[in-house]
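1. got a sequence here, can you build the structure:
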Amino acid sequence: MLEHAPIGIAQHPAANGKRAPPMQNPDIKQQQLGLQALRAAYSSQNLSPSALVRALYPSLASAQSSKSIFIRLFGLGELLDAAQRLEAMPQEQRSSLPLWGVPFAVKDNVDVAGCPTTAACPAFSNTPTTTAPAVKALLDAGEGWGRILRLSKLE
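-> Below you'll find the predicted structure:
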């Protein structure tokens, strides 16, 4: 089980010339995914991290299957576990984390413990045991889940 679960491993759209599929869920609009909008929705209890995962996962899975963005997408169960860990935090702790419940992306040339770092080049692949300090700082600020974006291939 992932303590802090990024959503998956993804790629830059230029890496394969494909565009990401449009968001499938009509209840979540792009403008509702900004930091202020998410914080407002969470604080008014109109949205929870688990509900956001459930709403976005079909689009994320579609992007992963087409390889238009994601190299690796964490499973729905893993993402829901991470979201539920966030939801289990006391309100005081949530309030102290400026990025509580905000999804994020990590390029695949930045280490995330347990996830292959490839820089879109299999010859460079390694699986780190530690997470890069920048990613750790995001997780410590309350980002409980994210995804790893694929870098355009190094040549």
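
2. next, the buried residues of stretch 75-85.
-> Neighbour-count burial for stretch 75-85 flags Glu78, Leu79, Leu80, Asp81, Ala82, Ala83, Arg85 (criterion: 16 or more other Cβ atoms under 10 Å). Every C-beta, even on glycine, is put in place using the N, C-alpha and C of the backbone.

3. kindly report the same for stretch 41-52.
-> Buried residues in stretch 41-52, counted by 16+ other Cβ under 10 Å: Ala41, Tyr42, Leu47, Ser48, Pro49, Ser50, Ala51, Leu52.

4. repeat that for stretch 109-120.
-> The neighbour-count check on stretch 109-120 (16+ other Cβ under 10 Å) flags Asn109, Val110, Asp111, Val112, Cys115, Pro116, Thr117, Thr118, Ala119, Ala120 as buried.

5. report pLDDT for the last one.
-> For Ala120, the pLDDT comes out at 76.

6. phi, psi for it please.
-> phi 60, psi 20 (degrees, to the nearest 10).

7. from Leu35, how far out is it?
-> Ala120 sits 28 Å away from Leu35, going by Cβ to Cβ, to the nearest Å.

8. keeping just the C-alphas, turn the helix ranked longest in the chain into PDB.
-> Secondary structure assigned by DSSP state H gives helix 49-66 as the longest helix of the chain. The C-alpha trace of helix 49-66 is given here as PDB (Å, rounded to 0.1, in the frame of the first residue of the first chain):
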ATOM      1  CA  PRO A  49     -10.900  13.700  -2.200                       C
ATOM      2  CA  SER A  50     -12.600  10.300  -2.600                       C
ATOM      3  CA  ALA A  51     -15.400  11.800  -4.700                       C
ATOM      4  CA  LEU A  52     -12.800  13.700  -6.800                       C
ATOM      5  CA  VAL A  53     -10.900  10.400  -7.400                       C
ATOM      6  CA  ARG A  54     -14.100   8.600  -8.400                       C
ATOM      7  CA  ALA A  55     -15.200  11.500 -10.700                       C
ATOM      8  CA  LEU A  56     -11.800  11.800 -12.400                       C
ATOM      9  CA  TYR A  57     -10.700   8.200 -12.600                       C
ATOM     10  CA  PRO A  58     -12.500   7.200 -15.800                       C
ATOM     11  CA  SER A  59     -10.800  10.100 -17.700                       C
ATOM     12  CA  LEU A  60      -7.400   9.200 -16.100                       C
ATOM     13  CA  ALA A  61      -7.800   5.600 -17.000                       C
ATOM     14  CA  SER A  62      -8.700   6.500 -20.600                       C
ATOM     15  CA  ALA A  63      -5.600   8.700 -20.800                       C
ATOM     16  CA  GLN A  64      -3.500   5.900 -19.400                       C
ATOM     17  CA  SER A  65      -4.900   3.300 -21.800                       C
ATOM     18  CA  SER A  66      -4.300   5.500 -24.800                       C
END
